[in-house]
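Engineer: fold the following for me, if possible:
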Amino acid sequence: MSPSITGRGWRGYLIAVLAVGCALLARQALELVGHFYYLPFIPAVMATAMLARRGATAAAVALSIAANVALVPRESHADTVANALLFTVVAWFVAEMCWRQRAAGARARALSRSLAQRNQMLDAILASAPIVTVDATGGVRFMSESARLILGAPSGRGPDASDRPMADFVPGFNLAEAGEDGGDRIWTGRRPDGTSYPLRIQLGVMPDNPDGDHATLSLTDLTQAQAADARARELHTQLNRVWRLNSLGEMAASLAHELNQPLSAAATYLHASQSEMERAGLMGQSVARSIDLAKSQLLRAGAIIKRMRELLAHESRSLGVESVGAMLADMHGVLGMLQREGKVIIEIDIDEADDHVRAERIQFQQAVLNLVRNAVEALKGQADGRVRITGRPVSDDLFEMCVEDSGPGIDAGELDTIFRPLMTTKASGMGLGLSVTRTIVESHGGTLNVARSELGGAAFSFSLMREGALEDV
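Structural biologist: The predicted model follows:
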């Protein structure tokens with residue numbers, strides 16, 4: 001128990017009485033060797049000041065004066081008062097010193113506790129953070145456990161860990177190069193089994209300690225980050241390939257539709273010409289046969305185009321049960337690239353409590369990517385642009401997706417044409433993006449709609465069948 005707590009209340013006054021009583025007994029014993037008046041009571045005041053508060057200390061001073069006045073006869077009252085005042089001043093000065101010492105001790109204890117807590121916190125930080133300290137020559141002086149795990153160094157101090165140069169773990173490492181580029185560089189580390197890995201080292205120099213810990217190295221293993229980037233690039237490549245195939249299919253369907261009518265008209269004209277040549281008799285038979293061959297080739301071309309249209313219109317897609325949140329999570333890398341390139345904010349808000357739908361994973365991702373890319377392009381040159389991707393179940397059978405932006409929106413006059421193939425409002429566009437997206441949505445049993453977004457721009461939405469809505473598509 002601390003002194004400040006021990007000397008509170010009546011306990012402080014009890015300490016004063018006991019201390020003065022002990023001093024009185026000591027004074028009586030000292031009378032055998034000489035006359036001691038107030039001197040034996042000074043320790044009593046000191047003890048009370050160290051263990052109690054000011055009120056109890058004042059009581060100890062008063063009791064000491066009373067005891068001394070009662071036991072020591074004086075020649076005059078002036079002598080008694082003078083000695084009492086002198087004792088009071090000396091005793092109170094000594095008590096003041098004791099109180100200051102107590103306060104200093106309390107501050108020292110508080111500082112010690114604070115330092116101990118800070119040391120514990122620093123130890124916890126060092127234990128969890130991959131930190132290495134090196135001397136001026138690049139030799140390792142300290143290595144945290146998480147740093148050992150990254151570098152493949154054995155646990156504990158030893159010749160295979162803390163007494164080795166950092167270059168043994170990171171070939172080619174030296175402090176001069178590490179200090180370039182603001183002390184933040186990417187190196188290639190090598191573990192004891194010979195495997196290499198990308199390693200970011202951030203350097204902090206302590207120039208005032210050249211003979212000890214000269215620099216602190218903060219390590220970051222970039223293996224997972226680069227693997228995630230590689231997966232994002234792979235997905236981006238795959239989506240681009242699917243985009244090209246879908247675009248070619250949409251273009252082929254459009255061409256088939258547009259060419260079918262003129263081919264049919266040409267076949268009709270040839271049939272009429274053939275009838276006219278047959279009425280010309282023998283002179284027209286040779287020409288009629290040539291016309292008949294040309295007509296058969298036109299009819300053959302029309303049949304081929306018809307089969308192409310039927311193939312594209314009834315393309316079989318395998319719809320499986322997918323999680324919308326998981327499909328979008330795979331796209332974080334691709335969406336991150338669009339966000340950085342377009343300097344916009346892309347928000348994702350999906351109700352993942354029940355987001356399982358029937359979808360073809362790559363085609364769904366391609367449709368969402370097309371809509372997000374269009375939204376990002378609509379925000380070009382706009383500060384604080386926002387793109388929001390939301391997903392909510394709207395019924396027991398449907399899950400609605402929406403991609404909206406804070407751009408200028410779509411003119412009312414363009415709403416009837418934006419989904420047509422080969423129709424575009426962009427100088428470098430082909431007019432296939434929204435057409436392909438609509439085809440993908442329709443192949444999933446939905447409809448692509450456009451409306452005004454509450455963000456100020458356009459909002460494209462479509463619905464997907466939820467898990468169990470239909471057995472087959």
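Engineer: lowest-pLDDT helix or strand in this protein?
Structural biologist: Between all helices and strands in the chain, the lowest mean by mean pLDDT, DSSP states H and E belongs to helix 3-6, at a mean of 45.
Engineer: now the element after it, going C-ward?
Structural biologist: helix 10-30 (DSSP states H and E).
Engineer: please enumerate the strands of the stretch 301-450 of the chain.
Structural biologist: Using DSSP state E, counting those that start in this stretch, the strands of the stretch 301-450 of the chain run over residues 320-323, 345-350, 356-359, 386-393, 398-405, 449-452.
Engineer: what is the fifth one packed up against?
Structural biologist: When contacts are defined as 3 or more Cβ pairs under 8 Å, 6 or more residues apart in numbering; DSSP states H and E, strand 398-405 sits against helix 361-378, strand 386-393, strand 458-465. C-betas here are computed from N, CA, C, even on glycine.
Engineer: would you mind measuring from the closest residue to Val90 other than its chain neighbours to Gln101?
Structural biologist: Leaving out its chain neighbours, the residue that sits closest to Val90 by Cβ to Cβ, 6 or more residues apart in numbering is Ile42, at 7.2 Å. As judged by Cβ to Cβ, to the nearest Å, Ile42 and Gln101 stand 15 Å apart.
Engineer: hang on, Lys343 packs against Gly385?
Structural biologist: Yes. If you go by Cβ atoms under 8 Å, Lys343 and Gly385 touch, sitting 7.3 Å apart.
Engineer: of the two, which one has the most company?
Structural biologist: Gly385 (22 against 14; other Cβ atoms under 10 Å).
Engineer: and Cys22, what does it touch?
Structural biologist: Contact analysis of Cys22 by Cβ atoms under 8 Å, 6 or more residues apart in numbering lists Ala44.
Engineer: go on, Val69?
Structural biologist: Contact analysis of Val69 by Cβ under 8 Å, 6+ apart lists Thr80, Ala84.
Engineer: wait, Val403 sits on Ala375?
Structural biologist: Yes. Using Cβ under 8 Å, Val403 is in contact with Ala375, at 6.0 Å.
Engineer: re earlier: out of the helices and strands packed on strand 398-405, which gets nearest to Arg164?
Structural biologist: helix 361-378 (47.5 Å; Cβ to Cβ).
Engineer: how far out from the middle of the chain is the closest one?
Structural biologist: Mean-position distance between helix 361-378 and its chain equals 24 Å (Cα atoms, centre = their mean, to the nearest Å).
Engineer: and it, what's its mean pLDDT?
Structural biologist: Across helix 361-378, pLDDT averages out at 87.
Engineer: that helix - contacts with which helices or strands?
Structural biologist: In terms of contacts (3+ Cβ pairs under 8 Å, 6+ apart), helix 361-378 is packed against helix 223-279, strand 320-323, helix 324-329, helix 332-342, strand 386-393, strand 398-405, helix 433-443, strand 458-465.
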